[in-house]
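Peer 1: predicted coordinates and the sequence they were generated for:
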Amino acid sequence: MDTAGQERYNSLSENYYKQADCCLLVYDITSRDSFNRIENYFVPKIKENCNQILKVVLLGNKADLKDKRQVRDIEGANLAKKNRYIFMESSCADNYNVLDAFTTLVEMTNNELHKGNKKDNITLNKRDQKGNQTDEKCGC
């Protein structure tokens with residue numbers, strides 16, 4: 001669920017947190033405020049409302065705008081390390097680490113499913129090398 005941090009969705013978003021298996025937290029490296037909102041609002045909300053096996057990728061976006069950077073990469077890395085998240089930086093403009101962020105999140109979540117931490121049967125939609133969708137049942 002993408003609420004873009006809008007206050008009016010607070011009550012709705014807490015229900016989504018409780019059911020989430022993974023989370024992609026994105027901030028803008030050119031905006032100190034966006035990083036502070038992640039650190040001071042979303043990280044505590046996740047801790048309050050999510051189970052312990054939630055997989056999180058913290059993603060600093062707009063890495064192509066280095067000259068406008070307000071949040072150093074080490075700050076993102078430290079926040080991720082402190083909370084046991086994966087940290088990455090990306091650039092949608094340069095198509096840098098965009099797919100990797102999502103792939104990492106899916107792989108981490110899928111690894112939990114195969115460890116048996118989920119009890120429901122699910123269907124994973126995968127694409128073969130030609131781009132055709134295939135279904136794979138996971139009886140975890």
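Peer 2: That came through, no problem. Residues are numbered from 1 along each chain as shown.
Peer 1: could you use CA atoms for every contact and neighbour count after this?
Peer 2: Will do.
Peer 1: tally of neighbours for residue 106?
Peer 2: Residue 106 has 16 neighbouring residues, counting by other CA atoms under 10 Å.
Peer 1: then residue 81?
Peer 2: Neighbours around residue 81, by other CA under 10 Å: 13.
Peer 1: which of the three states applies to the spatially most central residue of the chain?
Peer 2: Nearest residue to the geometric centre of the chain (CA atoms, centre = their mean): residue 24, 1.4 Å. Following DSSP: H, G, I helix; E, B strand; the rest coil, we place residue 24 in the strand state.
Peer 1: which residues touch the spatially closest residue to it that is not a sequence neighbour?
Peer 2: Of all residues not flanking residue 24 in the chain, residue 57 sits nearest, at 5.0 Å (CA to CA, 6 or more residues apart in numbering). Each residue near residue 57 by CA atoms under 8 Å, 6 or more residues apart in numbering is listed here: 23, 24, 25, 85, 86, 87, 88, 101, 104, 105.
Peer 1: hey, what's residue 57 bridged with?
Peer 2: Beta-bridge pairing for residue 57 (DSSP bridges): residue 24, residue 86.
Peer 1: what about the strands in this structure?
Peer 2: Secondary structure of the chain (DSSP state E): strands located at 22-28, 55-61, 86-89, 122-127, 133-138.
Peer 1: give me the angle between the second one and strand 22-28.
Peer 2: The reference is to strand 55-61. 20 degrees (axes from the mean of the first three to the mean of the last three CA atoms, to 10 degrees).
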